[in-house]
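Student: build me a model:
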Amino acid sequence: MIISIASGKGGTGKTTIATNLAVSLGGDVQLLDCDVEEPNAYLFIRPEIHETVIINTPVPEVDMKKCNLCGKCRDICQFKAIVIMSKTVLPFPELCHSCGGCMRVCPENAITETGREIGVIERSGRNGLEFVHGKLRVGEAMSPPLIRKVREYARPGALTIIDAPPGTSCPVIAAMKGADFVLLVTEPTPFGLHDLKLAVGAVKILDIPCGLVINRSDMGDDRVRGYAEGLGMPILMEIPFDRKIAEAYSQGEMLVEVMPEWKERFLNLHHRIAEILSQTPTQNNPEESRKRDVS
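Tutor: Here you go, the predicted structure:
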């Protein structure tokens, strides 16, 4: 089972839910931090890193001795990552989406691919929990290629929890696509409701079952609850605004370790997700979703 934990905005408590759920479950569980631009799950997991892998993405390299300046590579690129200036073909690696189109259309076979470092992946563990996260290289504009590499570490048969980036743009889609369930985390504020609506729209496009966690649930108003009820979206957990919870978070402590009574609540959260999936049509069940393309 793959559970992707997402939110329409940052600061809702997404990482708190992901880390505490993973630690509560134990057993054959993976936690993949796909918020590669600013990973922070490790601050709470405090793992021992045992493997670091440098990740490269393919970008075009042009042999001007073979090139006839036909312009086909420039024309096929939708991201303006390769241009012709005078008698030179000039690639812009930072804009390249590594689709390989320019190499395929070149009639002279003048374009080959070379690797460009975009970041690193670190593998580690904590009391049997397998933890993997990516760190995007400073200055990189595109994180989805690194997110997809992190997701390749998901093992069939394991319960995989993905800490997705905030928002609803391409990085979030890369972290949610192919998941069996999306757990949305929000707060009962006007900003929380606005961005929750955007996140729900993205999940609907991907056609993935979803549920809601409301953090700081005793603040704000009831419009988030009303919105969820109107959609028939289950509210699977509510976390109150509690000073002890805030103190634990600020010190990088796990909620389920500081307040052990919360472990049962996170186990119940997982049970309710499994229950929803057991009642979901075949096209969204865990076995079928394994076959989806998560690239």
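Student: when you work out contacts or count neighbours from here on, use the C-alpha atoms and nothing else.
Tutor: Will do.
Student: which stretches in the stretch 51-200 of the chain count as helices?
Tutor: 72-76, 101-105, 144-151, 170-176, 190-206 (DSSP state H, counting those that start in this stretch).
Student: could the ones you listed go into JSON lines alongside distance to V29 and mean pLDDT?
Tutor: Converted to JSON lines, the helices of the stretch 51-200 of the chain look like this (distance: least, C-alpha to C-alpha, whole Å; pLDDT from 0 to 100):
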{"stretch": "helix 72-76", "distance to V29": "43", "mean pLDDT": "96"}
{"stretch": "helix 101-105", "distance to V29": "38", "mean pLDDT": "96"}
{"stretch": "helix 144-151", "distance to V29": "14", "mean pLDDT": "96"}
{"stretch": "helix 170-176", "distance to V29": "17", "mean pLDDT": "95"}
{"stretch": "helix 190-206", "distance to V29": "24", "mean pLDDT": "94"}
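Student: CSV please, covering the ones you listed and showing mean neighbour count and distance to S24.
Tutor: Converted to CSV, the helices of the stretch 51-200 of the chain look like this (neighbours: other C-alpha atoms under 10 Å; distance: least, C-alpha to C-alpha, whole Å):
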stretch, mean neighbour count, distance to S24
helix 72-76, 17, 49
helix 101-105, 18, 45
helix 144-151, 22, 21
helix 170-176, 23, 22
helix 190-206, 17, 26
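Student: which one of these lies nearest to W262?
Tutor: Shortest distance between W262 and those, using C-alpha to C-alpha, is found for helix 190-206: 23.6 Å.
Student: using PDB, list the CA coordinates for that closest one.
Tutor: Only the C-alpha atoms of helix 190-206 are listed here, as PDB (Å, rounded to 0.1, in the frame of the first residue of the first chain):
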ATOM      1  CA  PRO A 190      -9.700  30.600   5.200                       C
ATOM      2  CA  PHE A 191      -6.200  29.900   3.700                       C
ATOM      3  CA  GLY A 192      -6.400  26.200   4.600                       C
ATOM      4  CA  LEU A 193      -9.800  25.900   3.000                       C
ATOM      5  CA  HIS A 194      -8.800  27.700  -0.200                       C
ATOM      6  CA  ASP A 195      -5.700  25.500  -0.700                       C
ATOM      7  CA  LEU A 196      -7.500  22.400   0.300                       C
ATOM      8  CA  LYS A 197      -9.900  22.900  -2.600                       C
ATOM      9  CA  LEU A 198      -7.000  23.100  -5.000                       C
ATOM     10  CA  ALA A 199      -5.500  19.900  -3.500                       C
ATOM     11  CA  VAL A 200      -8.800  18.100  -3.800                       C
ATOM     12  CA  GLY A 201      -9.000  19.200  -7.400                       C
ATOM     13  CA  ALA A 202      -5.600  17.600  -8.100                       C
ATOM     14  CA  VAL A 203      -6.500  14.400  -6.400                       C
ATOM     15  CA  LYS A 204      -9.700  14.100  -8.400                       C
ATOM     16  CA  ILE A 205      -7.800  14.500 -11.600                       C
ATOM     17  CA  LEU A 206      -5.600  11.600 -10.600                       C
END
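Student: distance from that helix to the middle of the chain?
Tutor: 15 Å (C-alpha atoms, centre = their mean, to the nearest Å).
Student: show me what it is packed against.
Tutor: strand 2-7, strand 181-186, helix 223-231 (3 or more C-alpha pairs under 8 Å, 6 or more residues apart in numbering; DSSP states H and E).
Student: turn those into CSV, columns for distance to N40, mean pLDDT and mean neighbour count.
Tutor: Output for those, formatted as CSV (distance: least, C-alpha to C-alpha, whole Å; pLDDT from 0 to 100; neighbours: other C-alpha atoms under 10 Å):
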stretch, distance to N40, mean pLDDT, mean neighbour count
strand 2-7, 14, 96, 27
strand 181-186, 16, 96, 27
helix 223-231, 27, 95, 14
